[in-house]
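**Student:** for reference, the sequence and a predicted model appear below.
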Amino acid sequence: MLPATGGRMTFLDVQNLSVSFSSQGFIDMLLKRQKTVSAVDGINLLIQKGEILCLVGESGCGKTTCGKAILGLVEYDGSVIREGKNIATFTKKEKKVLRTKMQIIFQDPYESLNPKHTIFDIVAEPLEIHYDLSEKEKEEKVIDALEDVGLRPASEFLYRYPHELSGGQRQRVVIAGALILDPEFIVADEPVSMLDVSIRAEILKLMLEFRGKKNLTYLFITHDLSLAWVISDRIAIMYLGKILEIGPSERVIKNPKNPYTKALISVIPIPDPHVAHEKILLRGEPPDPSHIPSGCRFHPRCPFAFDRCREEEPLLQDVEEGHLAACHLIGAIQ
Amino acid sequence: MLQVNNLSVRFRTKTGLVEAVTDTTFSLSAGEVLGIAGESGCGKTTAALSIMKLLPKNGFVEKGEILFEGEDMAKKSEEEMRGIRWKRISIIFQGAMNALNPVQNVEDQIAEPMLLHEKVEKNVAYERARKLLEEVGIDKRRGKEYPHEFSGGMRQRVMIAMALACDPSLVIADEPVTALDVMVQAQILELLKRLQREHRLSIILITHDLSVLAETCNNALIMYAGRVCEYGTTEDIFYHPTHPYTKRLISAFPNIEKEKVFVEGIAGDPPNLLSLPPGCPFAPRCSESRELCRKELPALYRLSGGHHVACHRW
């Protein structure tokens, strides 16, 4: 295992991860036209044991696909290394064990729970797949899991259905289901963006508590940069399938280096009527991932783009300890 | 220009009468931007929709008056409302995709209210529609395109152009940026602010996002369980929040200009509007509640100027 920054050990080493989807329609098929959308385009990430790494970007930037690829839920190119071994080369048995160690929490607690199943069925399902337990053992485990996520007394929730619970309670059920197999790593895909603000903090607090108690590692996917700043150790900014900047959250927010990161930070609304900071309003919306611009993929919207940006793709380079950014301007200024 | 007095709105449902809005009073002067904030089910949208008489069929105004430019909207017939909607009060909905007609090009949709309400010549209406498109930042040559050909942000711009078609004096914006990405959200809010200045519009902005409210509004109304918690200028609300709910709600939003602190939540869930507790609806979740809070509903007290709070503890 490689030691990573901050004295933490590497939990997962993601190397050159790419995911592309075929978007070939019927007409394209008849004309034998190949059409691919490159959702994730050569991402390198060292995920450290016990950290919360936030993947932030606008819709369509590939953040969710990246999270799914790391869990092997979509096909990918590149490699995901765990304890020195490429996950793709794991045996069937090893893979099954690995699946209990890595879980995902989805955004919408209204859609991710089967409305016809009781809370008990939902939370116990992973146990049935992975272990052979008696009814009594299962019930004990489910009760523990529900109490852990703050659904107390658990007996009151066991035989209820999702529609009888509030949004916050449902997301707690989702978390209980994700935690019941004692995972080490959780991909949380916008876990609170459907919830009301007063409920949101409670759910986040719960997730953070588990990091301490169970030594969990999180890959937290969100579009909300201010939320990422509050909860994470590190932030990675994604744009059209690539990471443009990554570093300790405080540094990325307070001292951003890439013009896209700067623009994103400048438009975060501030809950203070007298703070008026200049907003960098980018023109247009992110281009379509089936037509990625040449050179730096951000150049058509970048207020500072010059010739080199149109021709050559900038690489992630060190700007400070553990803080990397991809931009030709960084070298130019220094 | 708008004075809402003791408005109560109810919904008839199979399980009983839902107290969606109760005893809500607020006002809006010309050129003012009022933010109504609160969480889902707090009655913010219902309060605003009742101004336009756009409540769902099972909803009705139980009592109160809605004085708009001196006339009580609550007493208007559907026929009379048709002459007021779009012409004098218009609305921007949250999901532009659902609010726009998918089989009509955007130019037609913007011209339609003008043709209906202002009886103008067709070419005048289309000329103005194209001008409005330019004004909201869309190339007028795209007027013949259909909603699905536009991105989410662009569709929201079309919605805004439509809302301005008949030059209304009041625009109700119901979560206009909620489903949009941060960058697009900032673009739309800037656009709204510019149009508000240029057209001297009065805007009621309904939002769950207090940061958006802080940056956009002059005055703010914080609602909880269908009732007003606190009402005042944006400065009153953010610098002197008095209701425990307002305080907790503000601290639920991170402020990147300050030191990093973990966002605060509020334990418990919002109350069931079918069976509200007898006292203050927030009392069961309030860390400062006393016995009185659980027994008696607090009145809306005036603190200073226009700053009002409904709390026994102020």
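**Tutor:** Happy to help now that I have it.
**Student:** hey, let's count contacts and neighbours off CA atoms from now on
**Tutor:** Noted.
**Student:** just want the residue of the stretch 51-200 of chain A that's nearest chain B.
**Tutor:** When distances are taken as Cα to the nearest Cα, the stretch 51-200 of chain A reaches nearest to chain B at A:Ser198, 4.6 Å away.
**Student:** er, chain A I mean
**Tutor:** A:Pro271 (3.9 Å).
**Student:** if we can go back for a sec, from the contact counts, what lies against the strand or helix carrying the residue of the stretch 51-200 of chain A closest to chain B?
**Tutor:** Here A:Ser198, judged by DSSP states H and E, is contained in helix A:197-214. Where contact means 3 or more Cα pairs under 8 Å, 6 or more residues apart in numbering or on different chains; DSSP states H and E, helix A:197-214 is packed against helix A:167-179, helix B:244-250.
**Student:** save those as a markdown table, and put in distance to B:Glu259 and mean pLDDT too.
**Tutor:** Converted to a markdown table, those look like this (distance: least, Cα to Cα, whole Å; pLDDT from 0 to 100):
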| stretch | distance to B:Glu259 | mean pLDDT |
| --- | --- | --- |
| helix A:167-179 | 28 | 92 |
| helix B:244-250 | 15 | 94 |
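**Student:** nearest to A:Phe298, of these?
**Tutor:** Between A:Phe298 and the helices and strands packed on helix A:197-214, the tightest spacing by Cα to Cα is seen for helix B:244-250, at 34.3 Å.
**Student:** now what about that closest one, what contacts it?
**Tutor:** The set of residues external to helix B:244-250 that reach it, using Cα atoms under 8 Å, 6 or more residues apart in numbering or on different chains, is A:197-198, A:271, B:210, B:222, B:229-230, B:237-238, B:241, B:264-266, B:282, B:286-288.
**Student:** nearest spatial neighbour of the residue of the stretch 201-314 of chain B found nearest chain A, chain-adjacent residues omitted?
**Tutor:** Proximity to chain A, evaluated over the stretch 201-314 of chain B using Cα to the nearest Cα, is greatest for B:Ser211 at 3.9 Å. Distances taken as Cα to Cα, 6 or more residues apart in numbering or on different chains put A:Pro271 closest to B:Ser211, at 3.9 Å, once the chain neighbours are dropped.
**Student:** tell me if the one you found really is in a strand.
**Tutor:** No. A:Pro271 is assigned coil when assessed by DSSP: H, G, I helix; E, B strand; the rest coil, not a strand.
**Student:** single out the most deeply packed of the helices and strands packed on helix A:197-214.
**Tutor:** helix A:167-179 (a mean of 24; mean count of other Cα atoms under 10 Å in any protein chain shown).
**Student:** other SSEs contacting the helix or strand following that helix?
**Tutor:** Going down the chain from helix A:167-179, the next helix or strand is strand A:185-189, by DSSP H and E. Helices and strands touching strand A:185-189, by 3+ Cα pairs under 8 Å, 6+ apart, are helix A:63-70, strand A:102-105, strand A:217-222.
**Student:** would you put the C-alpha positions of strand A:185-189 in CSV?
**Tutor:** Written as CSV, here are the backbone C-alpha positions of strand A:185-189 (Å, rounded to 0.1, in the frame of the first residue of the first chain):
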residue,chain,number,x,y,z
PHE,A,185,-16.3,2.2,1.5
ILE,A,186,-19.5,4.1,0.6
VAL,A,187,-20.2,6.0,-2.6
ALA,A,188,-22.9,8.5,-1.6
ASP,A,189,-24.5,10.0,-4.7
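**Student:** go ahead and confirm the residue nearest to B:Ser211 touches B:Ala252.
**Tutor:** No. Taking contacts as Cα atoms under 8 Å, A:Pro271 lies outside contact range of B:Ala252: 9.9 Å.
**Student:** in chain A, which residue is closest to the centre?
**Tutor:** Residue closest to the mean C-alpha point of chain A, counted by Cα atoms, centre = their mean, is A:Ile221 at 2.9 Å.
**Student:** rewinding a little: measure the residue nearest to B:Ser211 to B:Lys247 for me?
**Tutor:** Applying Cα to Cα, to the nearest Å, one obtains 12 Å for the distance of A:Pro271 from B:Lys247.
**Student:** so which bits of the stretch 1-150 of chain B are right by chain A?
**Tutor:** Residues of the stretch 1-150 of chain B lying close to chain A (Cα under 8 Å from any Cα of the partner chain) are B:Glu39, B:Ser40.
**Student:** how about the helices of the stretch 1-150 of chain B, start to end?
**Tutor:** B:44-51, B:78-84, B:96-99, B:106-117, B:122-135 (DSSP state H, counting those that start in this stretch).
**Student:** any chance of a markdown table for the ones you listed, columns mean pLDDT?
**Tutor:** Output for the helices of the stretch 1-150 of chain B, formatted as a markdown table (pLDDT from 0 to 100):
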| stretch | mean pLDDT |
| --- | --- |
| helix B:44-51 | 93 |
| helix B:78-84 | 90 |
| helix B:96-99 | 74 |
| helix B:106-117 | 91 |
| helix B:122-135 | 94 |
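**Student:** so for A:Glu58, which of these sits nearest?
**Tutor:** Closest approach to A:Glu58 among these (Cα to Cα): helix B:96-99, 18.8 Å.
**Student:** residue numbers of chain A in contact with chain B?
**Tutor:** Near chain B, when you scan chain A using Cα under 8 Å from any Cα, you find A:58-59, A:166, A:168, A:196-202, A:223-224, A:226-227, A:229-231, A:253, A:264, A:267-273, A:276, A:281-282, A:285.
**Student:** need the residues of the stretch 201-314 of chain B near chain A, please.
**Tutor:** B:210-215, B:234-235, B:238, B:248-250, B:252-257, B:260-269.
**Student:** okay, the closest residue to B:Gly143 other than its chain neighbours and B:Phe93: tell me how far apart.
**Tutor:** Using Cα to Cα, 6+ apart and skipping the chain neighbours, the partner closest in space to B:Gly143 is B:Glu107 (4.7 Å). Separation of B:Glu107 from B:Phe93 (Cα to Cα): 18 Å.
**Student:** so those two - more neighbours on which side?
**Tutor:** Shown here are B:Glu107 and B:Phe93; by other Cα atoms under 10 Å in any protein chain shown, B:Glu107 has more neighbours (26 against 21).
**Student:** mind listing the strands for the chain?
**Tutor:** Unless you meant another one, I'm taking chain A. Counting by DSSP state E, one finds strands in chain A at the ranges A:10-22, A:36-48, A:52-56, A:77-82, A:85-86, A:102-105, A:185-189, A:217-222, A:234-239, A:242-248, A:316-320, A:323-326.
**Student:** that's the wrong chain, I wanted chain B
**Tutor:** Applying DSSP E to chain B gives strands spanning B:2-13, B:16-28, B:33-37, B:59-68, B:71-72, B:89-92, B:170-174, B:202-207, B:219-224, B:227-233, B:301-304, B:307-309.
**Student:** pick the most buried one from those.
**Tutor:** Highest mean neighbour count of these: strand B:33-37, a mean of 27 (counted as mean count of other Cα under 10 Å).
**Student:** contacting residues around that one?
**Tutor:** With Cα under 8 Å, 6+ apart as the criterion, strand B:33-37 contacts B:28, B:44, B:202-210, B:213, B:216-223.
**Student:** related to what we said a few turns ago, so the residue nearest to the centre of chain A sits against A:Val56, correct?
**Tutor:** Yes. Look at A:Ile221 against A:Val56 with Cα under 8 Å: they come within range, at 6.2 Å.
**Student:** overlap in contacts, those two.
**Tutor:** Common contact partners of A:Ile221 and A:Val56 (Cα under 8 Å, 6+ apart): A:Lys63.
**Student:** now residue 191. Nearest residue, chain neighbours left out?
**Tutor:** Unless you meant another one, I'm taking chain A. Closest residue to A:Pro191 apart from its sequence neighbours, by Cα to Cα, 6+ apart: A:Gln107 at 4.5 Å.
**Student:** that's the wrong chain, I wanted chain B
**Tutor:** B:Leu191's closest residue in space is B:Val136 (Cα to Cα, 6+ apart), at 6.9 Å.
**Student:** ok, now which ones touch the one you found?
**Tutor:** So B:Val136 contacts B:Arg157, B:Val158, B:Ile160, B:Ala161, B:Leu191 (Cα under 8 Å, 6+ apart).
**Student:** what is the burial count for the last one?
**Tutor:** When you say that, I think you mean B:Leu191. Residues lying near B:Leu191 (other Cα under 10 Å) number 16.
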